[in-house]
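Visitor: mind folding the following:
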Amino acid sequence: MLLDILWIVFLLALGVQLFYILIIFGRISFFYRNKISSNPKNSEGVTVIVAAHNEKENLRKLIPAICEQDYPNFDVMIINDRSNDGTKSLLEEMMSRYPKLRTVTIKYTPNHVTAKKYALTLGIKVAKNDVLLLTDADCLPQSKQWITRMTAPVREDNKTFALGFSQYSTGKGVLNNWIQFETLWTGLQYISFALWKSPFMGVGRNLSYRKSFFMEQKAFRGLWHIDCGDDDLFVNQYANGKNTAVVVDPESITISNPKTTWSSYFRQKKRHFHAGKYYKSGDKQKIGFYSFSHLLFWSAGISLLIILGLEQIWEHFAIILGIIIVRTILLTSVFTSARKKLEGKPTMLWTGIYDLMYLVYFWIVGAFGYQSKKVRWK
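Guide: Residues are numbered from 1 along each chain as shown. Got it, this is the predicted structure:
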């Protein structure tokens, strides 16, 4: 009786998993073709927005990388949010070298709002251009075509949102390998659903939208009390299949330095999972349905392997093991193809191992983040 139940659960979960892997996530891996030209059809003005709190050394590298972009009409707005590390002096020095650079200084944050949303709102209000491109102070664009490619859907196709991908720099060690996997997995999810006209989030490290739309929605109305979500919650609230596009191109990505300790990484992810509780119900369901089937697939599969092994039913044992291996091969193929299109990098090694690790990560770290009552930007 137990074996029958486990078989049913395993096969049902497998069916759901294959649908997501091959149909939903396979869209970007196997069928998507980049249509964005490197030659812009128009050169509408773009303002790059960066909110920075004590990011002096990162800004020293970021500002030249942005100001030297190969796009004819843009400026850069750095929002100096209560910094006390010499950021102000650095910005004054760099404004003399880069005419495109402008700054806004935030001296305090009102009690009823969250710091980053307040900083972004003030910076966006005084932005010179209607097309905005947002990134973080610790990021770097990976090509001089970044502005051109990331803003193309907004400038040329009348989209409200353009969702981009942002990766972390590659290093040594298990933590860095895990961060590479988890970041790609997150990107694969939100970009895939956006390609299916069902966007549910974006990342502020690489995101474009119009100032006029932001002001029409009265900035972060309804989100001020939430200590995160200036990017994914804003997109979740307003993005839809008609007004949103994705940009899939290695020249469109940004890259930042990853966390170097597990404790700092978990604090970061706690904040990300915390924002997830405020997603629309339908968006939580479509991600939750995959995650629940993922849990059932591995739980039932491992249970079957243990029971069949103990009872020495090797023929059925081989079937279960074979199914797990085939699913892992398919998942690895999807990840490899997606990574090549998004990052221009080769095979994602050890996908099967990290996939199993993600099960534990999602249900433990995700639960803590989801249930947390308060998180902070900086």
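Visitor: domain parsing for the protein?
Guide: Each structural domain of the chain that the record assigns through automatic domain parsing is listed here as a residue range: 2-28+282-369, 34-273.
Visitor: got those domains as TSV, with mean neighbour count and mean pLDDT columns?
Guide: C-betas here are computed from N, CA, C, even on glycine. Listed next are these as TSV, based on neighbours: other Cβ atoms under 10 Å; pLDDT from 0 to 100:
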stretch	mean neighbour count	mean pLDDT
domain 2-28+282-369	16	90
domain 34-273	19	91
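Visitor: state the distance from L331 to V365.
Guide: For L331, the distance to V365 under the criterion Cβ to Cβ, to the nearest Å works out to 21 Å.
Visitor: just Y358 next, same as before
Guide: Here Y358 is placed at a distance of 10 Å from V365 (Cβ to Cβ).
Visitor: again, but for T148
Guide: When T148 is compared with V365 (using Cβ to Cβ), they lie 37 Å apart.
Visitor: tell me the contacts of G45?
Guide: The contact partners of G45, taken as Cβ atoms under 8 Å, 6 or more residues apart in numbering, are 73-75, 128-131.
Visitor: go on, L308?
Guide: L308 is in contact with 3, 314, 316-317, 320, counting by Cβ under 8 Å, 6+ apart.
Visitor: still on that earlier bit, for the contacts of G45, give me a markdown table that also has distance to A119.
Guide: Output for the contacts of G45, formatted as a markdown table (distance: Cβ to Cβ, whole Å):
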| residue | distance to A119 |
| --- | --- |
| N73 | 25 |
| F74 | 20 |
| D75 | 18 |
| K128 | 17 |
| N129 | 19 |
| D130 | 20 |
| V131 | 20 |
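Visitor: list of residues touching stretch 288-303?
Guide: For stretch 288-303, the surrounding residues in contact (Cβ under 8 Å, 6+ apart) are 6-7, 9-10, 12-14, 16-17, 20, 24, 320, 323-324, 327, 356, 358-359, 362-363.
Visitor: what's opposite A245 in the beta bridge?
Guide: A162 (DSSP bridges).
Visitor: contacting residues for it?
Guide: Residues touching A245, when contacts are defined by Cβ under 8 Å, 6+ apart, comprise 153, 157, 159, 161-163, 194.
Visitor: now with 10 Å, please.
Guide: 36, 152-154, 156-163, 194-195, 199, 208, 239 (Cβ atoms under 10 Å, 6 or more residues apart in numbering).
Visitor: before we move on, what about L359?
Guide: L359 makes contact with 291, 294-295, 297-299, according to Cβ under 10 Å, 6+ apart.
Visitor: and the helices in the stretch 1-150 of the chain, which stretches?
Guide: Taking DSSP state H, counting those that start in this stretch as the test, the helices found in the stretch 1-150 of the chain are 2-18, 26, 56-67, 87-97, 115-125, 146-156.
Visitor: what angle do the fourth one and helix 56-67 make?
Guide: Inter-element angle recorded for helix 87-97 and helix 56-67: 20 degrees (by axes from the mean of the first three to the mean of the last three Cα atoms, to 10 degrees).
Visitor: pull the CA atoms of helix 87-97 into CSV?
Guide: The C-alpha atoms that make up helix 87-97 are tabulated as CSV, following Å, rounded to 0.1, in the frame of the first residue of the first chain:
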residue,chain,number,x,y,z
THR,A,87,31.0,59.5,-1.0
LYS,A,88,30.2,63.1,-1.2
SER,A,89,33.8,64.2,-1.9
LEU,A,90,34.2,61.4,-4.5
LEU,A,91,31.1,62.5,-6.3
GLU,A,92,32.2,66.1,-6.4
GLU,A,93,35.5,65.0,-7.8
MET,A,94,34.0,62.8,-10.4
MET,A,95,31.4,65.3,-11.6
SER,A,96,34.3,67.5,-12.7
ARG,A,97,35.6,64.6,-14.8
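Visitor: can you list contacts of that helix?
Guide: For helix 87-97, with Cβ under 10 Å, 6+ apart as the criterion, the contacting residues are 52-60, 63-64, 67, 76, 78, 80-81, 83, 101-103, 105, 137.
Visitor: re earlier: columns secondary structure on top of the contacts of L308, output as JSON lines?
Guide: Rendered in JSON lines, the data for those read as follows (DSSP: H, G, I helix; E, B strand; the rest coil):
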{"residue": "L3", "secondary structure": "helix"}
{"residue": "W314", "secondary structure": "helix"}
{"residue": "H316", "secondary structure": "helix"}
{"residue": "F317", "secondary structure": "helix"}
{"residue": "I320", "secondary structure": "helix"}
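Visitor: what's the closest of those to D230?
Guide: I320 (44.7 Å; Cβ to Cβ).
Visitor: contacting residues around that closest one?
Guide: Counting by Cβ under 10 Å, 6+ apart, the residues that I320 touches are 6-7, 10, 300-305, 307-309, 313.
Visitor: okay, and which of those map to helices?
Guide: In helices, judged by DSSP state H, the following of the contacts of I320 are found: 6-7, 10, 300-305, 307-309.
Visitor: isn't P250 up against L342?
Guide: Yes. At 7.0 Å, P250 counts as touching L342 under the criterion of Cβ atoms under 10 Å.
Visitor: give me the common contacts of these two.
Guide: With the criterion set as Cβ under 10 Å, 6+ apart, the overlap between the contacts of P250 and L342 is 165, 167.
Visitor: do you have the strands of the stretch 101-250 of the chain handy? List them.
Guide: For the stretch 101-250 of the chain, applying DSSP state E, counting those that start in this stretch gives strands covering 101-106, 131-136, 139-141, 161-163, 166-168, 207-210, 244-246.
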